[in-house]
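Participant: Sequence first, predicted model second:
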Amino acid sequence: MAIKATIFKANLQIADMERHYYQDHTLTLAQHPSETEERMMVRLLVFALHANEYLEFGQGMTDDEEADLWLKDLTGAIKLWIDVGIPDEKLIRKACGRAEQVVVYCYGGRIAEMWFAQNKAQFERQKNLTIINLPQESTQGLAKLAQRSMSLQCTIQDEQVWLSDGNASVQVERVVLKAAIGKNG
């Protein structure tokens with residue numbers, strides 16, 4: 001019998017002073033049996049960073065044809081494709097061909113740095129690709145905020161990101177390894 005996903009509920013208050021986005025979201029996150037709490041919380045953070053009424057979680061962990069998060073227009077065209085972790089370079093290239101803009105949030109310390117260094121030449125060819133590294137201390141701190149039922153506040157201001165549950169706060173630094181080029185970059 002297959003192990004089922006663990007369901008997490010999050011009430012997320014977002015105050016994004018950079019985008020002037022102030023909204024509360026009630027989210028249900030399915031944690032895949034092979035997904036760590038760290039990765040799930042990075043997905044939640046990434047949702048907060050790109051929050052939009054049409055942004056939704058995809059099946060990226062189990063389906064190469066889907067993103068971890070994505071934003072589609074009313075015609076179904078993919079405006080924004082977001083992957084979390086260290087996806088295969090071929091999958092990123094394919095996503096860049098399907099979506100207007102692709103963002104990868106990598107994490108994992110030295111492993112993420114080695115992954116980027118090994119694939120840098122291929123990544124540079126993708127004009128609509130942005131890659132952001134999240135420091136390991138931050139993502140491990142996010143994992144400590146994980147609870148089956150969460151009330152979180154995310155504040156984004158002056159390039160600073162804070163995620164808090166009322167008792168503990170985690171500051172997350174975003175290090176841009178590669179920025180998209182052109183109208184979206």
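Facilitator: Received, thanks.
Participant: Counting neighbours, which bits of stretch 66-85 end up buried?
Facilitator: The neighbour-count check on stretch 66-85 (16 or more other C-beta atoms under 10 Å) flags 66-72, 78, 80-85 as buried. For glycine as for every other residue, the C-beta is placed from the backbone atoms N, C-alpha and C.
Participant: From those, pick the one nearest Gly141.
Facilitator: Nearest to Gly141 out of the buried residues of stretch 66-85 is Val84 (C-beta to C-beta; 16.1 Å).
Participant: got a pLDDT number for the closest residue in space to that closest one that isn't next to it in sequence?
Facilitator: Spatial nearest neighbour of Val84, chain neighbours left out: Asp68 (4.6 Å); criterion: C-beta to C-beta, 6 or more residues apart in numbering. At Asp68, the pLDDT value in this model is 94.
Participant: and Asp68, what does it touch?
Facilitator: With contact taken as C-beta atoms under 8 Å, 6 or more residues apart in numbering, Asp68 is in contact with 43, 46, 57-58, 60-61, 82-85.
Participant: Flag whichever of these scores worst on pLDDT.
Facilitator: Met61 (66).
Participant: what residue is smack in the middle of this structure?
Facilitator: Centroid-nearest residue in the chain, with C-alpha atoms, centre = their mean: Val46, separated by 3.4 Å.
Participant: where does that one fall, phi/psi-wise?
Facilitator: For Val46, the backbone dihedrals (degrees, to the nearest 10) come out as phi -60, psi -40.
Participant: Contacts only, for it.
Facilitator: Val46 makes contacts with 68-69, 82, 84, 105, as judged by C-beta under 8 Å, 6+ apart.
Participant: which residues in the chain form helices?
Facilitator: 37-50, 89-98, 110-124, 136-144 (DSSP state H).
Participant: To Glu18, which of those helices lies closest?
Facilitator: helix 37-50 (9.6 Å).
Participant: Gln72 against Lys79, yeah?
Facilitator: Rather than Gln, residue 72 is Lys. Yes: under the criterion of C-beta atoms under 8 Å, Lys72 makes contact with Lys79 at 6.4 Å.
Participant: Flag the shaky bits of the chain, pLDDT-wise.
Facilitator: Residues of the chain meeting the criterion pLDDT under 70: 1-2, 60-61, 182-185.
Participant: ok so, going back, mind putting the buried residues of stretch 66-85 into JSON lines with distance to Ala112?
Facilitator: As requested, the buried residues of stretch 66-85 are exported to JSON lines (distance: C-beta to C-beta, whole Å):
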{"residue": "Glu66", "distance to Ala112": "22"}
{"residue": "Ala67", "distance to Ala112": "18"}
{"residue": "Asp68", "distance to Ala112": "15"}
{"residue": "Leu69", "distance to Ala112": "18"}
{"residue": "Trp70", "distance to Ala112": "22"}
{"residue": "Leu71", "distance to Ala112": "24"}
{"residue": "Lys72", "distance to Ala112": "28"}
{"residue": "Ile78", "distance to Ala112": "24"}
{"residue": "Leu80", "distance to Ala112": "21"}
{"residue": "Trp81", "distance to Ala112": "19"}
{"residue": "Ile82", "distance to Ala112": "16"}
{"residue": "Asp83", "distance to Ala112": "13"}
{"residue": "Val84", "distance to Ala112": "11"}
{"residue": "Gly85", "distance to Ala112": "8"}
